[in-house]
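A.B. asks: The sequence and its predicted three-dimensional model are supplied below.
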Amino acid sequence: MKIKNLRNDLIKYLKEHHLSAKYDKAKILFENDPLHPSLRVELLEPKHRLIYSFRLDKKYRALFVYTDEENAEIIAFTNHYK
């Protein structure tokens, strides 16, 4: 599995929230095993939209979509508890 390069606004978000290192670690885990237990991958509601998330840490999650069988694209980073 490969994650597409991040858009500039997402890179900025990671830097502003001091999450770059956590994203890099999660990205490596995801690309090696998209179902790695520490990522806690979830299919979000409504499920028909096929938007998933994985954990960066206890507070932040990356929202993503599968673009095909071998690629994913991060569409947003969110504070999981807002």
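C.D. replies: Alright, I've got the coordinates.

A.B. asks: Only the buried residues of stretch 59-69, if you could.
C.D. replies: 60-64 (16 or more other CB atoms under 10 Å). Quick note: C-beta positions are derived from backbone N, CA and C, even for glycine.

A.B. asks: Could you export the residues you listed as TSV, including pLDDT and distance to Leu35?
C.D. replies: Below are the buried residues of stretch 59-69 laid out as TSV (pLDDT from 0 to 100; distance: CB to CB, whole Å):
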residue	pLDDT	distance to Leu35
Tyr60	96	20
Arg61	97	16
Ala62	97	15
Leu63	98	17
Phe64	98	13
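
A.B. asks: For the residue nearest the centre of the chain, grab phi and psi.
C.D. replies: With distances taken as CA atoms, centre = their mean, Ala62 lies nearest the centre of the chain, 2.9 Å away. Phi and psi for Ala62, reported as degrees, to the nearest 10, are phi -100, psi 130.

A.B. asks: Is it bridged to anything, and to what?
C.D. replies: Beta bridges link Ala62 to Phe54, Phe77 when assigned by DSSP bridges.

A.B. asks: what's the answer for Leu43, then?
C.D. replies: Under the criterion used here (DSSP bridges), Leu43 is bridged to Tyr52.

A.B. asks: got the contact list for Ala62?
C.D. replies: Contacts for Ala62 (CB atoms under 8 Å, 6 or more residues apart in numbering) come out as 23, 26, 53-54, 56, 74, 76-77.

A.B. asks: please redo it, this time with the cut-off set to 7 Å
C.D. replies: By CB atoms under 7 Å, 6 or more residues apart in numbering, Ala62 lies in contact with 26, 53-54, 56, 74, 77.

A.B. asks: same check, this time on Leu56
C.D. replies: Counting by CB under 7 Å, 6+ apart, the residues that Leu56 touches are 19, 22-23, 26, 62.

A.B. asks: try 8 Å
C.D. replies: 19, 22-23, 26, 62, 77.

A.B. asks: Could you dump these into CSV with distance to His48 added?
C.D. replies: Output for these, formatted as CSV (distance: CB to CB, whole Å):
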residue, distance to His48
Leu19, 29
Lys22, 30
Tyr23, 27
Ala26, 26
Ala62, 21
Phe77, 23
